[in-house]
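**Q** sequence first, then the predicted structure:
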Amino acid sequence: MAGVGPMTQDWEPVVIRKKAPNAAAKRDEKTVNAARRSGAEIESVRKYNAGTNKAASSGTSLNTKTLDDDTENLTHDRVPTELKKAIMQARTEKKLTQSQLAQIINEKPQVVQEYESGKAIPNQQILSKLERALGAKLRGKK
């Protein structure tokens, strides 16, 4: 500061303000009462089914009639009778039990049982394992 002249300050004053109130603060009871006292316009709207779960649990909805009218059968395909018989016949010809066959194809005995009873949903990988283990063609007989 070697004698350059009088020192001046070029800074503007900084004013720190609070943030504008958010939506929750605007609905605060204290704020609403203050607005009423000042004569400001206040709009209050009651929401339909606000704070309840009636709409989700009610028995009638917009899609109820559509669902009732729907007669389409939505079930998975099951093992056909010809396939059940073919698996049983090939297994008995090889003199294998269900659990022995299951062990050969690396599946649970329950899987073989479901295929032979017709309760299983056909899986192409399991059917190919059965064909290889039994040495019989099980698919494509139609």
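**A** Yep, it's here.
**Q** what number of residues lie near Asn33?
**A** Neighbour count of Asn33, defined by other Cβ atoms under 10 Å: 11. For glycine as for every other residue, the C-beta is placed from the backbone atoms N, C-alpha and C.
**Q** phi first, then psi, for it.
**A** phi -60, psi -40 (degrees, to the nearest 10).
**Q** where does the protein have its least confident helix or strand?
**A** helix 54-57 (a mean of 60; mean pLDDT, DSSP states H and E).
**Q** and Asp10, what element?
**A** In this assignment (DSSP states H and E), Asp10 forms part of neither any helix nor any strand.
**Q** sorry, that was for Arg46
**A** Counting by DSSP H and E, Arg46 is found in no helix or strand.
**Q** how would you label Arg139: helix, strand or coil?
**A** Under DSSP: H, G, I helix; E, B strand; the rest coil, the three-state class of Arg139 is coil.
**Q** so what's it up against?
**A** Leu83, Gln124, Leu127, Ser128, Glu131 (Cβ atoms under 8 Å, 6 or more residues apart in numbering).
**Q** mind checking pLDDT for the fourth one?
**A** Spelled out, that is Ser128. pLDDT, Ser128: 93.
**Q** next, count neighbours for it.
**A** Residues near Ser128, counting by other Cβ under 10 Å: 13.
**Q** gap between it and Arg46?
**A** Separation of Ser128 from Arg46 (Cβ to Cβ, to the nearest Å) stands at 64 Å.
**Q** what does the first one give?
**A** Using Cβ to Cβ, we find Leu83 at a distance of 62 Å from Arg46.
**Q** which of the contacts of Arg139 has the largest number of neighbours?
**A** Neighbour max across the contacts of Arg139 (other Cβ under 10 Å) = Leu83, 20 neighbours.
**Q** mind checking which helix or strand that residue is in?
**A** Using DSSP H and E, the element containing Leu83 is helix 81-93.
**Q** next, the buried residues of that helix.
**A** Leu83, Lys84, Ala86, Ile87, Ala90, Arg91 (16 or more other Cβ atoms under 10 Å).
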